[in-house]
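*Asks:* give me coordinates for this.
(chains A and B, ligands or ions: 5)
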Amino acid sequence: MTAQDIIRTRAKELLESGEVATFIGWEAGRFENQTTPLVITDAADADKLVFNEYCVNTLAKYVRDVIPRGKVGLVVRGCDSRGIIRLVADKVIKREDVYLIGVGCPGIKDRKTGEMLKKCAECRHNNPPEFDEMAGEVAEKPVAVERFAEVAEVEAMAQPDRSRYFESVYAKCIRCYACRDVCPCCTCRECFVDQRRENWVGKQNNVAENRFYGLTRVMHIGDRCIECGECERVCPMDLPLMKLNRKVIQDMNDLFGEFESSLSLEDTTEPLIEYRLDDVEEFM
Amino acid sequence: MSRIGVFLCYCGSNIAGTVDVEAVAEMARTLPDVVYVETNKYTCSDPGQEGVKNAIIEKGIDRVVVGACSPRMHEPTWRKLLADTPVNPYMLEVANLREQCSWVHKDKEIATEKAKDLVKMAVAKVARLQPLHSIEIPVHKKALVIGGGIAGMQTALDIADAGFQVTIVERETSLGGKMVMLDKTFPTMDCSACICTPKMSEVGNHPNITVKSYSEVENVSGYIGNFEVTIREKAKYIDYNLCTGCGACETKCPQKVTNDFEQGMAQRTAIYKMFPQAVPSKPVIDAAHCRKLQEGKCGVCAKVCPTGAINYEDEDKLTTETYGAVVFATGYKLIDWKPLYPEYGGGKYEDVITGLQFERLVNASGPTEGHILRPSDGTEPKSVVIIKCVGSRDPNKGKAYCSRACCMYSAKHAHQYLDKVPDGRCYVFYMDVRTPGKGYDEFYMNTLQDGAQYLRGRVSKIYRENGKLICKGEDTLTSQQVTVAADMVVLETAMVPADGIDELAAKFTVGRDADSWLVEAHAKLRPVETNTAGIFLAGTAQGPKDIPDSVCQAGAAASKVIGLLNKDKLMSNPQISHVNETLCQGDGACVGICPYGAISIVEKQFRENSRKVVRPVAEVNPGLCQGCGACTVTCRAGAMDLLGYTNESIMREVDALCQW
Ligand SMILES: Cc1cc2nc3c(=O)[nH]c(=O)nc-3n(C[C@H](O)[C@H](O)[C@H](O)COP(=O)(O)OP(=O)(O)OC[C@H]3O[C@@H](n4cnc5c(N)ncnc54)[C@H](O)[C@@H]3O)c2cc1C
Ligand code: SF4
Ligand code: SF4
Ligand code: SF4
Ligand code: SF4
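*Replies:* Ligands and ions are numbered 1, 2, ... in the order given. Below is the predicted model:
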């Protein structure tokens, strides 16, 4: 049986037995090299589920919307699984609210070029760290590209160039907030950009306000980012968002020791908000 | 629409000398919602304050900005003033035109511009403030003192004499701390036990004091006026109601154990009293070494005890009580020098001893009955080297700080040695001699006259050769290498905080410095208070000091406690954090950051989208929160808001500053 077969069978069983109220996976799109996320509540729809190398979307965050209906079953690869760990750690959901069918991920292809997606080429954990059962074997994926290569590129720039570079980056942002909406860490009940009374960020679309939005977001997600790369993938203006995310991660590595977020439910440390007496005080 | 009154102070020429106050007033009149602006030579003076009150009534002012000195100075004055008016005391913002403006600038033009900005910000902020109200907190009229050394005992006595109940928790089997181990005390050389043991029995017999020996704090919750503390009294295996302290058991116990009170230089039995004058004056069984408790055989003590007080089945007892105030008097211990100084033998030479060992050697009730005999062979050392600052003032190996008492007690040790061994020679290696204190320098001079030879420099190496301890060092005054062949070496080692202080202080959320000394609220102005209201410091728990200073601080801490316990109720500070439950996700990011443990996550029920949901949210304990604001900046969702410093009011301040 292929992973897809197992997923279909199990989804059907889970829905039929009432163990889960909804099941989340992917269904085939209009074209062969396209899929869209699928949320089903009827066991009869289980045969619509697919699993192939074009399952682009990360699923974890959809859970939040359907959880009021009851327990949710979903397919998890490395990124989906870490997203779930994050949601649990941030108290958005409880672990017992979800049933996870793990699947090894060989890396997802870009449907236009057929090449492996950037986020997948960078991915360091293609197999799910947290699951209830596995559909098939763990998968091999080509070794991830160097984690901080992009950061090094920016850091190599001279200061004025760097500042011009980021200006050009944030000049493009249209503040659609797609990056926020897709992110499994961006789960605040009301995002700071929407808090009108405080008015943390101006509504104007200009470089200064856009950059303020981007930098604040990166600090908010910095020590929780699971490096799924979804924000960068969904950005309609192609902002290189992972550069800043990884810059924060690199700094945390330097300050607090090697860090990777949400690899297990037992360790969901957030170095930026943790306070210890022996913390480094490099700025003192 | 708010009606803001702005009151600007000249502070004589303190502010007006550098800031054009009238120009600031002119600008203030143009600000939105400002209905009245007044300048005054001394706003804080009686006529100044009257003027403010009158203006509030006449102009119907509902929020006040004072542009004057630091709020640290007069904010309480203004709040008190407002309490007498219809304006809520928290509808106030102080623009600091003195400490943060006139005093730090020279150029009048620039200082005036800055003063305008400060006033603009204050006006913008005050417009967003909400009235706040204090709540009454009851005060439990009972104090807890942790640690029964001289500092703890003095604090307890002073509080008890004022008529309040005190509990002392001492983890050893007796009160007394280090002082009762000492022989004589500088500078007057009175016998330490003779002045310490009467205090111990006074404490033991005081009707208002409960001594819980062999006990430690297990758990704490609550806040000023209401600390709920659970104390663990370790099993003593002896019923203190029956035991008369006759000591028959001790004479018969066959098990010998190293005697810590004698600094390892003698032995005691498994059932033991720390020392003859111990308070409480009854023994305990050291379970780890008792044959009966370990192997089930023996039981001699139970046979000889005439009152049947021995109970091998005894267990730890937990009791919980509520206290209004807590004093930390946990003292110090000596640094473990052995791993730090392998060049001094790292502990392999028996005759390289610590200051406390020396105290026991010269003490008439010590293991040698007061004869100075070296531990290795019991002979009288004819030459002694004393090394100061071992582990102190040595950031590379030990601690960067000075342990304060050692200059004096090393002079004392030299004097005592030369007194008891008149034909002996005594060399003191020192970095500096620091003798500030009444009669202290005179004491040191006398020691020099006794013949003690002071050599300025550190000893770099000690090794044994032909039965002598060869000390090699440099006399930095003559730049010469010196070698002294000593019979005994005394290391005056650094004081470090008592074991377990980090865990204990964390339970009470009391701050520690990098070396784990407990931190006072203000180094100069609040030396015995901690940053946690209702918790005070006495003695060496706060940092190295000698007995006179420890006793002084104990009295000071006691007076603070008495002041607190004298009140029936406290008014809470309403400037505390508030959770906006609509925004709060209950992730608990704020919980770990709160230095006072004021936040917990609770499950609450809400109606959301016409559905009942139960979800976790943060909850702030108003008694514990000190309004530091750490949580507000930690909360990504902006759900934590510090009343009086709300996110919104601060954002409007920033906006005001950024507009021109
Ligand atoms: C060798 C030497 C000689 C000295 N000579 C002199 C001198 O001549 N004159 C002078 O003025 N000073 C002298 N000093 C300094 C003097 O010892 C101290 O200033 C004084 O003892 C400090 O008293 P304290 O109560 O603060 O601390 P301590 O005496 O250390 O008392 C603290 C008490 O708290 C208890 N405790 C600790 N932690 C806990 C806990 N978690 N729970 C319950 N109980 C706890 C301890 O068991 C102890 O009984 C000397 C010091 C040394 C080392
Ligand atoms: S990579 Fe982007 S979307 Fe993914 S967790 Fe990090 S910030 Fe969120
Ligand atoms: S997705 Fe891209 S354009 Fe949209 S807000 Fe994020 S960074 Fe800006
Ligand atoms: S107040 Fe903020 S940090 Fe605290 S639990 Fe709520 S959302 Fe998290
Ligand atoms: S303001 Fe927040 S962090 Fe500070 S004491 Fe109060 S609850 Fe704790």
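*Asks:* so which residues make contact with the host helix or strand of residue A:253?
*Replies:* Residue A:253 belongs to helix A:241-256 when elements are defined using DSSP states H and E. Counting contacts by Cβ atoms under 8 Å, 6 or more residues apart in numbering or on different chains, the residues outside helix A:241-256 that touch it are A:119, A:122, A:147-148, A:150-151, A:153-154, A:179, A:214-215, A:218-219, A:221-223, A:225, A:227, A:229, A:231-232, A:235, A:259, A:271-272, A:279-280, A:282. For every residue, glycine as well, the C-beta is placed using N, CA and C.
*Asks:* so where do the strands sit in the stretch 451-600 of chain B?
*Replies:* Secondary structure of the stretch 451-600 of chain B (DSSP state E, counting those that start in this stretch): strands at B:453-456, B:459-465, B:468-475, B:480-486, B:488-493, B:495-497, B:535-537, B:569-571, B:577-579, B:599-608.
*Asks:* return the most buried member of those.
*Replies:* Burial of the strands of the stretch 451-600 of chain B is given as mean neighbour count (mean count of other Cβ atoms under 10 Å in any protein chain shown); strand B:535-537 ranks first at a mean of 29.
*Asks:* that strand: how far from the chain's middle?
*Replies:* 6 Å (Cα atoms, centre = their mean, to the nearest Å).
*Asks:* show me where the stretch 101-250 of chain A has strands.
*Replies:* A:133-134.
*Asks:* can you give me the helices for it?
*Replies:* Assignment of helices within the stretch 101-250 of chain A using DSSP state H, counting those that start in this stretch yields the ranges A:118-121, A:149-155, A:159-172, A:178-182, A:207-221, A:230-234, A:241-256.
*Asks:* kindly report the same for the stretch 301-450 of chain B.
*Replies:* B:355-362, B:406-420, B:440-450.
*Asks:* run the contact check for the shortest one versus ligand 1.
*Replies:* Meaning helix B:355-362. Yes: counting by Cβ under 6 Å from any ligand atom, ligand 1 is contacted by helix B:355-362 at B:355-356, B:359.
*Asks:* show me what contacts residue B:515?
*Replies:* B:399, B:401, B:496-497.
*Asks:* as a markdown table, those residues with pLDDT would be great.
*Replies:* Shown next, in a markdown table, are those (pLDDT from 0 to 100):
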| residue | pLDDT |
| --- | --- |
| B:399 | 97 |
| B:401 | 97 |
| B:496 | 98 |
| B:497 | 98 |
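*Asks:* format those residues as CSV; extra columns: distance to ligand 4.
*Replies:* As requested, the contacts of residue B:515 are arranged in CSV below (distance: Cβ to the nearest ligand atom, whole Å):
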residue, distance to ligand 4
B:399, 37
B:401, 37
B:496, 36
B:497, 32
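*Asks:* for residue B:330, state which of those residues is nearest.
*Replies:* residue B:497 (7.3 Å; Cβ to Cβ).
*Asks:* pull the contacting residues for the spatially closest residue to residue A:129 that is not a sequence neighbour.
*Replies:* Spatial nearest neighbour of residue A:129, chain neighbours left out: residue A:263 (5.2 Å); criterion: Cβ to Cβ, 6 or more residues apart in numbering or on different chains. By Cβ under 8 Å, 6+ apart, the contact list for residue A:263 reads A:82, A:85, A:125, A:129.
*Asks:* next up, phi/psi of the last one, please.
*Replies:* If I follow you right, that is residue A:129. Main-chain dihedrals, residue A:129, degrees, to the nearest 10: phi -80, psi -20.
*Asks:* quick one: pLDDT of it?
*Replies:* As predicted, residue A:129 sits at a pLDDT of 97.
*Asks:* wait, doesn't it sit right on residue A:85?
*Replies:* Yes: using Cβ atoms under 8 Å, residue A:129 is in contact with residue A:85, at 7.1 Å.
*Asks:* could you tell me which residues touch both of the two?
*Replies:* A:263-264.
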